[in-house]
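# Would you be able to build a 3D model of this:
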Amino acid sequence: MLLDLARSLADVTTSLEAAQRLAEAAPTVTGCDQACVLLPDDLGRFVVRGIAGHEADRAALADRLAVLPEHLGVPVADLPAIVLCRLDDSPDAARDAMVHFGLEAVAFVAVRVGGEIAGLLTAEWFDASRVPGEAVLTPRLVAIADQAAAALGNAGLLDRVRHQALHDGLTGLPNQTLFADRAALAVARARRHGDRVAVGVLDLDRFKTVNDSLGHRAGDDLLVQVADRLRGAVRAPDTVARMGGDEFMFLLPELAPHGEAVVAERLLAAFEQPFEVDGHRLQVSPSIGLAAYPNDGDTPERLLRNADAAMYRAKDNGRNTWATYASGMSERAYDRLTLEADLHRALERHELRLGFQPMARVSDRGRVAAEALVRWSHPSFGVLGPSEFLPLAEEIGLIIDIEAWVLRQACLELGRADAAGPTLGRMAVNLSARTLAHPSLPRLVSEALALGGLTPDRLVVEVSEAIAARPADGLLEALADLRALGVGVALDDFGRGHSPLADLGDLPLDQIKIHRSFLAGVHSAADDAPVVAAVVAMAHGLGLQVVAEGVETEEQLAFVARLGCDLAQGYLVGRAQPGVYAEGASASTA
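Reported below is the predicted structural model:
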């Protein structure tokens, strides 16, 4: 009988198969009336996985068998290899349970693999007189335990291999393969029954900043925490999977009308509390895209593609939100993917260009500086402005390379202009928070200045007010280091509502640039602008130079002159052109 059991267990490939065959063999080997095999679940609870001779359902068996070992007064993990309980010599709690279930004897066999209990076999008798003697029963139970250990060990190994093949190694979530299988089943079921099913894509906003500033281990820690929160935010039948990197997918079967919106709101709510990573409190937000069968696609592949397009729409809408698929999104998403692929090659293909927009003294319109503005001459989409590709460059990690190129080219151009004759005094370059906080920034600045043969005071680094209002770790120190080197620091786009006037004194600045929105409604020099006047007075009191942006008419120039602005920048002074302008040249009308 034991030889037959060994042959039966030789070809099992799962723990469930092994449990059932062990349960079926136990009555034959031991002479018991009924038997069960219990295996631990994900929470460590022992539940029925194999059954023989029982008429009751498995749920009821699980309830009674899970508590029987506890009635012995010994935790399951500490059970001896074999415990035989007879009704007349068992602890009171165990005796009461056996009477309740109509049993006169129960043998518990602990199956250990590597020192840990991998399973529990019970052999049960209604008539204790039919229990074999110890000399017969014990070696048979030991033999079953040995075979069970080998079978469960091998099956457990195969289970782990299968799990690793279908789950993400970092988060333990299903991977793309398992997600695709479940999505195919869900769509097929929805097609048969007329149900709705939704597919979603969730991307963490600016996740690369965490990796760049805290390291990849901190990034992995954050992903694990995010996975845990996502598991808790979805319904029991839903699936959350990791697509790769900082992207996750979710499958929502059997949805009520607009049910995906409820789940999406729960997912957003899961990010309301900050994450604790490496001693830092990180406020992370997601962008979520959704596509539902049958309206948004009739295959899992199309639903996933359209959900991805909707996710990019959510990012365009300001991030930390969700969006559903709408017609035409896929084409825009394709354009974005094309841009991303082409942007990786833009530098090596020499497709980036610089334009230089002059700044002039308000008093006499003499040009004294210029701002370098990067453009991308895309072979298919034409000339793209910075707002059309720099946010993408920041997302995919190319922003430092691009801004390093801008620094070098701007300084080189100014140096060449110096050699040709009278030229502008300073060159301004706008840098992102990621570049400003990068350890290589001092080296990049020094190399760029040396390339153009310039002294540090000829360069101005511009930082946007939005970045300065919420400075990342090390940003203020980096700006102070630049000023100590002799490089000027300008606060760009001041007045868009990100920081109060009182903050000006706390920032290491030489110059502020007043946002163009303050001049949009100016039609004459007599227009009143107490806010602009207060900014100018405050800046001058701190020893800062003031640049008015967006000066496009003579009335606006007269207006900023009356308020005391030092420099003006805008179409009236000159549009961005490929070359650096000599001081005193007439304003361009191109």
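# can you list the weak-confidence ranges in the chain?
42-43, 55-77, 327-337, 422-423, 466, 468-473, 496-505, 520-529, 581-590 (pLDDT under 70).
# Let me see the domain layout of it.
Domain assignment for the chain, taken from automatic domain parsing, gives 2-166, 176-327, 345-569.
# Without its sequence neighbours, what residue ends up closest to residue 186?
Spatial nearest neighbour of residue 186, chain neighbours left out: residue 253 (4.2 Å); criterion: Cβ to Cβ, 6 or more residues apart in numbering. From N, CA and C alone the C-beta is placed, and that goes for glycine too.
# picking that back up, let me have the domains of the chain in CSV, adding distance to residue 338 and mean neighbour count as columns.
Shown next, in CSV, are those (distance: least, Cβ to Cβ, whole Å; neighbours: other Cβ atoms under 10 Å):
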stretch, distance to residue 338, mean neighbour count
domain 2-166, 32, 17
domain 176-327, 13, 18
domain 345-569, 7, 18
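# Specify the stretch among those domains that is closest to residue 575.
The closest of the domains of the chain to residue 575 is domain 345-569. By Cβ to Cβ, the value is 6.6 Å.
# from the chain's centre, how far out does the closest one sit?
31 Å (Cα atoms, centre = their mean, to the nearest Å).
# now stretch 37-55
With Cα atoms, centre = their mean as the basis, the mean position of stretch 37-55 lies at 38 Å from the chain mean.
# Can you tell me what sits against the one helix or strand residue 186 maps to?
For residue 186, the host element (DSSP states H and E) is helix 176-193. The contact list for helix 176-193, computed with Cβ atoms under 8 Å, 6 or more residues apart in numbering, reads 165-167, 174, 195-197, 199, 239, 241, 243-244, 249, 251, 253-254, 293-294, 298-300, 303-304.
# Can you identify the element that follows it toward the C-terminus?
strand 196-204.
# which one is residue 90 nearest to, not counting chain neighbours?
Computed as Cβ to Cβ, 6+ apart, the closest residue to residue 90 that is not its neighbour in sequence is residue 98, at 6.7 Å.
# Could you list every helix and strand in contact with the helix or strand encompassing that neighbour?
Here residue 98, judged by DSSP H and E, is contained in helix 92-101. With contacts taken as 3 or more Cβ pairs under 8 Å, 6 or more residues apart in numbering; DSSP states H and E, helix 92-101 sits against helix 58-71.
# from memory residue 457 sits against residue 489, does it?
No: taking Cβ atoms under 8 Å as the definition, residue 457 is not a contact partner of residue 489, at 11.8 Å.
# for the stretch 1-150 of the chain, what spans make up the strands?
34-40, 46-52, 82-86, 105-113, 116-125 (DSSP state E, counting those that start in this stretch).
# ditto for the stretch 251-400 of the chain
For the stretch 251-400 of the chain, strands defined by DSSP E, counting those that start in this stretch occupy the ranges 275-277, 280-282, 286-293, 321-324, 352-361, 367-378, 382-384.
# Format those strands as TSV; extra columns: distance to residue 86.
Formatted as TSV, these follow (distance: least, Cβ to Cβ, whole Å):
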stretch	distance to residue 86
strand 275-277	54
strand 280-282	60
strand 286-293	59
strand 321-324	62
strand 352-361	86
strand 367-378	84
strand 382-384	84
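# how about residue 160, phi and psi?
Here is the backbone geometry of residue 160 (degrees, to the nearest 10): phi -70, psi -40.
# Kindly report the same for residue 81.
Main-chain torsions, residue 81, degrees, to the nearest 10: phi -60, psi -40.
# residues contacting the residue lying closest to it once chain neighbours are set aside?
Setting aside the residues directly before and after it, residue 81 is nearest to residue 110 in space (Cβ to Cβ, 6+ apart), at 5.7 Å. Shown in contact with residue 110 (Cβ under 8 Å, 6+ apart): 76, 79-82, 117, 120, 145.
# If we only consider those, which is nearest to residue 385?
Checking the contacts of residue 110 one by one against residue 385 (Cβ to Cβ), the nearest turns out to be residue 117, at 65.7 Å.
# Just confirm the closest one contacts residue 79, I think it does.
Yes: using Cβ under 8 Å, residue 117 is in contact with residue 79, at 7.2 Å.
# what residues does stretch 128-136 touch?
30-31, 33, 84, 86-88, 104-105, 107, 125, 137, 140.
# before we move on, which element is residue 479 in?
Short version, using DSSP H and E: residue 479 is in helix 475-485.
# What would the next helix or strand along the chain from that helix look like as PDB? C-alpha coordinates only.
Once helix 475-485 ends, the next helix or strand along the chain (criterion: DSSP H and E) is strand 488-494. Provided in PDB are the C-alpha atoms of strand 488-494 (Å, rounded to 0.1, in the frame of the first residue of the first chain):
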ATOM      1  CA  GLY A 488      24.200  84.900 -11.100                       C
ATOM      2  CA  VAL A 489      20.900  83.300  -9.900                       C
ATOM      3  CA  ALA A 490      17.500  84.600 -11.200                       C
ATOM      4  CA  LEU A 491      14.000  83.700  -9.900                       C
ATOM      5  CA  ASP A 492      11.900  83.100 -13.100                       C
ATOM      6  CA  ASP A 493       8.100  83.600 -13.500                       C
ATOM      7  CA  PHE A 494       7.700  85.400 -10.100                       C
END
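# tell me what strand 488-494 is packed against?
Using 3+ Cβ pairs under 8 Å, 6+ apart, strand 488-494 sits against strand 426-430, strand 459-464, helix 465-469, helix 475-485, strand 511-514.
# that older thread, which stretch among the strands of the stretch 251-400 of the chain comes nearest residue 478?
For the strands of the stretch 251-400 of the chain, proximity to residue 478 was assessed by Cβ to Cβ; strand 280-282 is nearest, at 18.5 Å.
# What strands line up against that closest one, and which way round?
strand 275-277 (antiparallel) (DSSP bridges).
# Go ahead and name everything in contact with the partner strand.
210, 214, 218, 221-222, 225-226, 281-284.
# what do you get if the cut-off is 7 Å, keeping everything else the same?
214, 218, 221-222, 225, 282, 284 (Cβ atoms under 7 Å, 6 or more residues apart in numbering).
# picking up where we left off before, looking at the contacts of helix 176-193, which are in helices?
Residues of the contacts of helix 176-193 located in helices (DSSP state H): 165-166, 300, 303-304.
# Redo the residues you listed as JSON lines? Include distance to residue 372.
Shown next, in JSON lines, are those (distance: Cβ to Cβ, whole Å):
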{"residue": "165", "distance to residue 372": "51"}
{"residue": "166", "distance to residue 372": "51"}
{"residue": "300", "distance to residue 372": "47"}
{"residue": "303", "distance to residue 372": "44"}
{"residue": "304", "distance to residue 372": "41"}
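# what's the most distant pair in the residues you listed?
165 and 303 (23.8 Å).
# now residue 171, nearest residue through space, not along the chain?
Closest residue to residue 171 apart from its sequence neighbours, by Cβ to Cβ, 6+ apart: residue 227 at 3.7 Å.
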